[in-house]
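A.B. asks: Sequence plus the predicted model coming up.
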Amino acid sequence: MIRTCAALRAAGFTDEANRLERVSTDKIAWEDYARQTFEAHARIYENQTGKLRFLQYVNKASRPYWEARKSAGAVLL
């Protein structure tokens with residue numbers, strides 16, 4: 001993440017780098033980001049069963065959310 005943020009800044013994407021850095025250091029924000037990203041992809045592939053594979057590390061608190069989305073393509077790690 002450190003190199004990704006540095007590369008974004010070097011390319012002139014300071015706002016994006018700041019947001020990525022903030023999310024990558026906050027577990028709650030990262031989980032929210034992952035859920036939003038998954039939901040966006042799931043909408044695109046909702047009529048294409050079996051196409052989406054979204055790998056997600058889970059913990060005790062997040063497992064129920066992701067378990068409920070396995071049929072939509074969530075792969076729990």
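C.D. replies: Sure thing, it's come through. Numbers count the residues shown, from 1 in each chain.

A.B. asks: And the helices in the protein, which stretches?
C.D. replies: With helices called from DSSP state H, the chain shows them at 2-10, 14-24, 27-45, 63-67.

A.B. asks: These: which one's closest to residue 53?
C.D. replies: helix 27-45 (9.7 Å; Cβ to Cβ). C-beta: built from backbone N, CA, C; applies to glycine.

A.B. asks: Which secondary structure elements does that closest one sit against?
C.D. replies: helix 14-24, strand 54-56 (3 or more Cβ pairs under 8 Å, 6 or more residues apart in numbering; DSSP states H and E).

A.B. asks: so where's this structure uncertain?
C.D. replies: Scanning the chain with the threshold set as pLDDT under 70 gives no residue ranges.

A.B. asks: would TSV of the helices of the chain with distance to residue 77 be doable?
C.D. replies: Listed next are these as TSV, based on distance: least, Cβ to Cβ, whole Å:
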stretch	distance to residue 77
helix 2-10	20
helix 14-24	17
helix 27-45	12
helix 63-67	9
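
A.B. asks: Name the nearest residue to residue 5, sequence neighbours excluded.
C.D. replies: residue 17 (4.4 Å; Cβ to Cβ, 6 or more residues apart in numbering).

A.B. asks: The one you found touches residue 3, doesn't it?
C.D. replies: No: Residue 17 is beyond contact range of residue 3, at 10.9 Å (criterion: Cβ atoms under 8 Å).
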